[in-house]
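> sequence unavailable; structure follows:
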């Protein structure tokens, strides 16, 4: 019982702490609009932090590095294509227990969706919201070194013409000095990449001024 009380108190304190700083960031951001494009769940956590509706389809899903870079390299072309759901992936890394779709030749892994109908409906609705934002300067792109993202992918990411970019990785990359490449100190054993999107978002504030990035 004492242990449960301590756990509850810790969670309650964390929520109060997070709510306080979230409100400060919300006030500072004001009515600035933004669209988050992320290779995993990190983007969804940004929307939750600022209590904004999802105006990006890149929520509750992930893309492997090669597909993500190909998508970003021709973003306006791919984002307007219709999803085609398939049963198998070209990446033999894990069993597919969730909806999997192709956007042209780009794989979208809907890891946090229960059905194809849910994935298709939310992707379509959120893509429509995103495309209402005509100012491409309000699009913000994030990548990390998970899901087959290599050093070359990180380098190519920062060469893209998109204005607002940030990358997170366990390794520092000298070629990216002066760019928004963030080296994350992760002490867990046998890990060769940063934590998953939700955990990485919590670490973000230790390394990166998210609000300044969005405010511009």
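The structure has been received and is ready for your questions. These numbers were taken from a predicted model, which means no experiment stands behind them.

> in stretch 41-56, which residues are buried?
By neighbour count on 16 or more other C-beta atoms under 10 Å, the buried set for stretch 41-56 is 41-47, 49-50, 54-56. (Each C-beta comes from the backbone N, C-alpha and C, glycine too.)

> so what are the domain limits for the chain?
By the assignment in automatic domain parsing, the chain contains the domains 54-134, 137-216.

> by mean pLDDT, show me the worst of those.
Lowest mean pLDDT of the domains of the chain: domain 137-216, a mean of 93.

> end-to-end on it?
10 Å (C-alpha to C-alpha, to the nearest Å).

> for that domain, the distance to its chain's centre please.
10 Å (C-alpha atoms, centre = their mean, to the nearest Å).

> try stretch 52-67
Distance, stretch centre to chain centre, for stretch 52-67: 6 Å (C-alpha atoms, centre = their mean).

> what does stretch 206-215 rub up against?
For stretch 206-215, the external contacting residues (C-beta atoms under 8 Å, 6 or more residues apart in numbering) are 25, 28-29, 32, 34, 46, 49, 140, 164, 166, 168, 180, 182-184, 204.

> now the terminal residues of it, how far apart.
Stretch 206-215: ends 18 Å apart by C-alpha to C-alpha.

> how about that stretch: buried residues?
In stretch 206-215, counting by 16+ other C-beta under 10 Å, buried: 208, 210-211, 213-214.

> and if you look at stretch 152-167?
In stretch 152-167, counting by 16+ other C-beta under 10 Å, buried: 153-154, 156-158, 162, 164-167.

> straight-line length of it, end to end?
Termini of stretch 152-167 sit 12 Å apart (C-alpha to C-alpha).

> among the buried residues of stretch 152-167, which lie within strands?
The strands, defined by DSSP state E, take in 164-167 from the buried residues of stretch 152-167.

> out of the residues you listed, who's nearest residue 97?
residue 167 (28.6 Å; C-beta to C-beta).

> next one: the closest one from residue 89, what distance?
Distance, residue 167 to residue 89, by C-beta to C-beta, to the nearest Å: 24 Å.

> residue 26 too?
Plainly put, residue 26 is 38 Å away from residue 89 if you go by C-beta to C-beta.
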